[in-house]
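Visitor: no sequence for this one, just the structure:
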């Protein structure tokens with residue numbers, strides 16, 4: 001009898017265990033189904049958006065992107081030796097390579113939060129601005145194992161911001177650099193220079209500009225300013241700096257000049273920007289200009305010093321009748 005009871009007890013235990021496994025299996029199945037549903041929901045949400053998801057395995061040095069990566073950039077979504085080959089990656093804009101390498105370093109180290117912006121080459125060969133955000137997953141011993149995140153295409157926003165920033169740097173009428181930016185850019189050039197280099201600073205003034213405004217109106221005055229600065233900008237290189245520092249005053253910084261003779265030759269050519277006639281109220285309005293020039297490093301090593309000497313040279317021109325130029329000389 002005792003044996004039968006024991007056997008019955010074992011049977012009941014086995015049945016209970018089987019029941020437990022059955023119930024637990026059902027729960028596992030439900031959990032698996034929920035996970036699959038969530039995964040599918042996440043996949044569909046990603047397809048609808050333009051986000052590119054990624055998962056980086058720190059130990060294996062493997063990067064796994066979502067399908068949109070291939071769609072947008074034309075490259076394999078799964079990449080081995082990702083960090084190891086980063087410095088050889090020609091799909092990143094050379095100007096952003098140092099930023100990109102910092103991003104790769106953060107991936108390798110498993111930094112808890114990662115965020116970076118750089119330009120990558122898309123499938124058309126165009127470099128587009130991307131924002132990358134990621135978070136690191138740690139194991140039970142707090143060792144970083146994976147980084148998951150997403151890549152956003154922020155090219156349109158970035159370029160619009162650059163346009164706004166550039167617009168803020170320019171004089172709204174002439175599109176020359178404004179007064180503050182002109183000074184900052186020239187000071188930067190001077191700081192990067194060495195005593196063996198020569199540069200020229202020109203301050204240009206439209207003769208009797210107030211009289212033109214008072215007699216013929218501001219519309220003609222604005223037209224004169226726009227035309228003059230347009231001529232000046234065409235005559236100089238991209239590395240030179242052209243800025244408007246006052247109503248009718250402009251500054252030109254000639255980067256790397258060989259001699260005073262070269263400066264004088266450029267000054268003579270500059271007068272073609274002024275020797276122009278404008279028709280207003282059936283009258284021909286003649287426009288002329290005066291120019292004072294200082295030379296780095298002999299006349300000064302800072303923007304303010306060079307501007308002061310150029311202004312003195314300009315005053316000398318005006319005292320002698322205007323419509324000419326003068327290179328500063330300490331004996332004057």
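Guide: It's in. Please read all numbers here as calculations on a predicted model, not as lab measurements.

Visitor: host element of the residue at minimal distance from the centre of the chain?
Guide: In the chain, the residue lying closest to the centroid (Cα atoms, centre = their mean) is residue 162, at 6.4 Å. Element membership of residue 162 [criterion: DSSP states H and E] is helix 155-169.

Visitor: and that helix, what does it pack onto?
Guide: The contact analysis (3 or more Cβ pairs under 8 Å, 6 or more residues apart in numbering; DSSP states H and E) places helix 155-169 against strand 127-138. (C-beta placed from N, C-alpha, C; glycine too.)

Visitor: where exactly do the helices run in the stretch 101-250 of the chain?
Guide: Secondary structure of the stretch 101-250 of the chain (DSSP state H, counting those that start in this stretch): helices at 155-169, 179-191, 209-216, 218-235.

Visitor: Next, format those as a markdown table and append distance to residue 130 and mean pLDDT.
Guide: Shown next, in a markdown table, are these (distance: least, Cβ to Cβ, whole Å; pLDDT from 0 to 100):
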| stretch | distance to residue 130 | mean pLDDT |
| --- | --- | --- |
| helix 155-169 | 8 | 84 |
| helix 179-191 | 29 | 93 |
| helix 209-216 | 48 | 85 |
| helix 218-235 | 34 | 87 |
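
Visitor: hang on, the earlier thing: which positions within the helix holding residue 162 qualify as buried?
Guide: Using 16 or more other Cβ atoms under 10 Å as the test for burial, helix 155-169 gives 155, 158.

Visitor: Would you mind giving the domain segments of this structure?
Guide: Domain segmentation of the chain under automatic domain parsing yields 32-159, 170-327.

Visitor: and these, which is most packed in?
Guide: Mean neighbour count (mean count of other Cβ atoms under 10 Å) peaks for domain 170-327 among the domains of the chain, with a mean of 17.

Visitor: Can you give me the end-to-end span of that domain?
Guide: The straight-line separation of the ends of domain 170-327 (Cα to Cα, to the nearest Å) is 28 Å.

Visitor: Tell me the strands beside the helix or strand residue 79 falls within, with direction?
Guide: Secondary structure from DSSP H and E places residue 79 in strand 78-80. Using DSSP bridges, strand 78-80 pairs in its sheet with strand 62-65 (antiparallel).

Visitor: Which residues does the partner strand contact?
Guide: Residues outside strand 62-65 that contact it (Cβ atoms under 8 Å, 6 or more residues apart in numbering): 52-57, 77-82, 151.

Visitor: so which of those comes closest to residue 117?
Guide: Nearest to residue 117 among the contacts of strand 62-65, counting by Cβ to Cβ, is residue 151 at 10.5 Å.

Visitor: mind checking how far the residue nearest to that closest one when sequence neighbours are not counted is from residue 127?
Guide: Excluding the flanking residues, the one nearest residue 151 by Cβ to Cβ, 6 or more residues apart in numbering is residue 52, at 4.1 Å. Distance of residue 52 to residue 127, computed by Cβ to Cβ, to the nearest Å: 16 Å.

Visitor: circling back: would you mind measuring from the residue nearest to residue 151 to residue 61?
Guide: Residue 52 is 19 Å from residue 61, by Cβ to Cβ.

Visitor: My read is that residue 291 contacts residue 205, right?
Guide: Yes - the pair residue 291 / residue 205 is scored as a contact, 7.4 Å apart, by Cβ atoms under 8 Å.

Visitor: Quickly list what's touching both of these two.
Guide: Residues touching both residue 291 and residue 205 (Cβ under 8 Å, 6+ apart): residue 314.

Visitor: my read: residue 199 touches residue 193, true?
Guide: Yes - taking Cβ under 8 Å as the definition, residue 199 is a contact partner of residue 193 at 6.7 Å.

Visitor: what residues does the helix holding residue 162 touch?
Guide: Against helix 155-169 from outside (Cβ under 8 Å, 6+ apart): 117, 128-130, 177-178, 181.

Visitor: List just the nearest of the residues you listed to residue 248.
Guide: Proximity of the contacts of helix 155-169 to residue 248 (Cβ to Cβ) peaks at residue 178, which lies at 14.8 Å.

Visitor: OK, contacts around that closest one?
Guide: Applying Cβ under 8 Å, 6+ apart, we find residue 178 in contact with 169-171, 243-244.

Visitor: Nearest to residue 222, out of the contacts of helix 155-169: which one, please.
Guide: For the contacts of helix 155-169, the nearest to residue 222 is residue 178 (16.1 Å; Cβ to Cβ).

Visitor: how close does the closest one get to residue 198?
Guide: From residue 178 over to residue 198 the distance is 26 Å, taken as Cβ to Cβ.

Visitor: quick one: the closest residue to residue 110 other than its chain neighbours from residue 105, how far?
Guide: Distances taken as Cβ to Cβ, 6+ apart put residue 144 closest to residue 110, at 2.4 Å, once the chain neighbours are dropped. Distance, residue 144 to residue 105, using Cβ to Cβ: 13 Å.
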